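A.B. asks: Here you go, sequence then predicted model.
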Amino acid sequence: SSAFRTTTATLQLEIDLVGSARNVTVLLVTFTSLGFRGWSAVAQDITEKTFKERSMKAATSELQETIERANYHVFGTDENGMINEWNESMEDLLGLSKEQVMGSSLVQTLVFPCQQHEFRKFLHNAL
């Protein structure tokens, strides 16, 4: 058959180059045409990118653990005022679990109706 066919595969692996471990992404393309088979590979060193991603993930995890276990009250909101963080100390203070408040409006959850308009203005200016 004279049809040209290709197959691609991507692989991430760690290799040892002269005593130095490197993280590499390899794109392998195999092809068949006119009864011939061949392949081509492109490799990219992603060691620095992988290190940065792992460091960021570790720092994020450490910060999350610090917030969760803090002896002070911590809550967070996104730019729309929706609760996206709520630690155990907030649960103890208000009796509302993280599951109950996550994704809900801070203003509607915690502020008396007669004060919501003023608090929304304050929140808008703060964010």
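C.D. replies: Noted; the coordinates are in hand.
A.B. asks: Quick check: closest non-adjacent residue to residue 74.
C.D. replies: Spatial nearest neighbour of residue 74, chain neighbours left out: residue 87 (4.4 Å); criterion: C-beta to C-beta, 6 or more residues apart in numbering. Placement of C-beta: from N, CA and C, glycine included.
A.B. asks: Give the full set of residues in contact with the residue nearest to the spatial centre of the chain.
C.D. replies: Centroid check for the chain by C-alpha atoms, centre = their mean gives residue 57 as the closest residue, at 7.9 Å. Counting by C-beta atoms under 8 Å, 6 or more residues apart in numbering, residue 57 makes contact with nothing.
A.B. asks: Can you tell me the SS state at it?
C.D. replies: helix (DSSP: H, G, I helix; E, B strand; the rest coil).
A.B. asks: distance of it from residue 50?
C.D. replies: 11 Å (C-beta to C-beta, to the nearest Å).
A.B. asks: what's the answer for residue 38, then?
C.D. replies: 30 Å.
A.B. asks: out of the two, which sits in the busier spot?
C.D. replies: A direct count of neighbours by other C-beta atoms under 10 Å for residue 38 and residue 50 places residue 50 higher, at 16 against 10.
A.B. asks: Who are the contact partners of the closest residue to that one other than its chain neighbours?
C.D. replies: Leaving aside its sequence neighbours, residue 50 sits nearest to residue 23 (C-beta to C-beta, 6+ apart; 4.3 Å). Residue 23 is in contact with 12, 13, 14, 45, 46, 47, 49, 50, counting by C-beta under 8 Å, 6+ apart.
A.B. asks: does residue 23 have beta-bridge partners, and which?
C.D. replies: With DSSP bridges as the criterion, residue 23 is bridged to residue 14.
A.B. asks: which residues of this structure fall in helices?
C.D. replies: 47-69, 88-94, 98-101, 106-110, 116-126 (DSSP state H).
A.B. asks: rewinding a little: quick check: of the contacts of residue 23, which lies closest to residue 80?
C.D. replies: residue 49 (31.4 Å; C-beta to C-beta).
A.B. asks: which regions of this protein sit below the pLDDT cut-off?
C.D. replies: 1-3, 127 (pLDDT under 70).
A.B. asks: Could you give the backbone dihedrals for residue 74?
C.D. replies: When read as degrees, to the nearest 10, the backbone of residue 74 gives phi -130, psi 130.
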